[in-house]
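Student: 3D, please:
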Amino acid sequence: MSSLRSVAVVDDWALVRQGVEARMRRLGLRVVAATSSFHEYISSVEAHPSRSADLVVIGHVADIPQAPAIRRVAEAGSSVLALSSSTSPTGIVELWSAGVHAVVGRNAQECELTEAVRSIAAGGRYMGSSLLAQVFDRTTTLPAKPRGELTPREREVLSELVSGATNEEISARLHIGTQTVKSHLTNIYDKLGVRRRSHAVRVALSHGLIA
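Tutor: The predicted model follows:
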């Protein structure tokens, strides 16, 4: 995991912090901070920049909502792994929009945490399979793998789709017409073997199709 060397763990449950710390150490990462307070971690980094971590694991904390905490850390340049107890599509999409790199359930198995860290280290994104099954049309069987390779532009459109953007927002952000957006989405759905936005998001996250 050459791109990740240090990690900070922020969660107000001591048992969660201890479990995550132990797993991170087994993965070869140096734990530079483990705290129940997000603002305590930020204050520590501001006072001692060397304590800034390559990866910050953010779970439940009382002093700030999860999405703003993720956004602040992501904007500072660290990768973020969220421990989420939400199975709401809106809640999960909010975390992706905030800049999270991976999301796993707070009750996830250690192997999922390992997969998430390895995905981040490789430059990808990850969403825990348990969350995928609960959030996105759990009764629908989706293709095991995409049918075709996405173009760079299609990946950009798909990334915006995963962030929760509407067709109009994708059009504005990528400076293309709404009809062009619809054409790209049609091609994306065909290549992914899906018919709906939520299915496309599920396939994109489960196969690491967005950076």
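Student: other residues contacting the longest helix seen in the chain?
Tutor: When the chain is parsed with DSSP state H, its longest helix is helix 178-192. With contacts defined as CB atoms under 8 Å, 6 or more residues apart in numbering, helix 178-192 is touched by 143, 146-150, 153-154, 157-158, 161, 167-168, 170-171, 174, 176, 195-197, 199-200, 203-204. (Glycine included, C-beta is placed from N, CA and C.)
Student: repeat that for stretch 57-69.
Tutor: 7-13, 16-17, 20, 24, 36-39, 70, 73, 80-85, 94-95, 97-98, 106.
Student: select only the buried ones of these in ChimeraX?
Tutor: In ChimeraX, a selection of the buried entries from these looks like this (16 or more other CB atoms under 10 Å):
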select :7,8,9,10,11,16,17,20,24,36,38,70,73,80,81,82,83,84,94,95,98
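Student: so where do the helices sit in the chain?
Tutor: Going by DSSP H, the chain shows helices at 14-26, 38-47, 66-75, 89-98, 110-121, 129-135, 152-162, 167-174, 178-192, 197-206.
Student: return the most buried member of the ones you listed.
Tutor: Per-stretch averages of neighbours, counted by mean count of other CB atoms under 10 Å, single out helix 197-206 among the helices of the chain, with a mean of 21.
Student: return the distance of that one from the chain's centre.
Tutor: 13 Å (CA atoms, centre = their mean, to the nearest Å).
Student: which residues touch residue 207?
Tutor: Neighbours of residue 207 in contact, by CB under 8 Å, 6+ apart: 145-146.
Student: dihedrals phi and psi, it?
Tutor: phi -110, psi 10 (degrees, to the nearest 10).
Student: pLDDT at residue 84, what is it?
Tutor: We have a pLDDT of 88 for residue 84.
Student: quick check: it vs residue 94, distance?
Tutor: 10 Å (CB to CB, to the nearest Å).
Student: quick one, the longest helix of the chain and helix 197-206 angle?
Tutor: Going by axes from the mean of the first three to the mean of the last three CA atoms, to 10 degrees, helix 178-192 is angled at 60 degrees with respect to helix 197-206.
Student: just the angle between helix 178-192 and helix 152-162, please?
Tutor: 90 degrees.
Student: number the chain from 489, please
Tutor: Let's use 489 as the start, then, which means that last one is helix 666-680.
Student: where does this structure have low pLDDT?
Tutor: The chain contains residues with pLDDT under 70 at 489-490, 575-578, 618, 620-632, 699.
Student: farthest residue from the center of it?
Tutor: Distance from the C-alpha centroid of the chain, by CA atoms, centre = their mean, peaks at residue 667 (28.8 Å).
Student: would you mind measuring from it to residue 658?
Tutor: Taking CB to CB, one finds residue 667 at 12 Å from residue 658.
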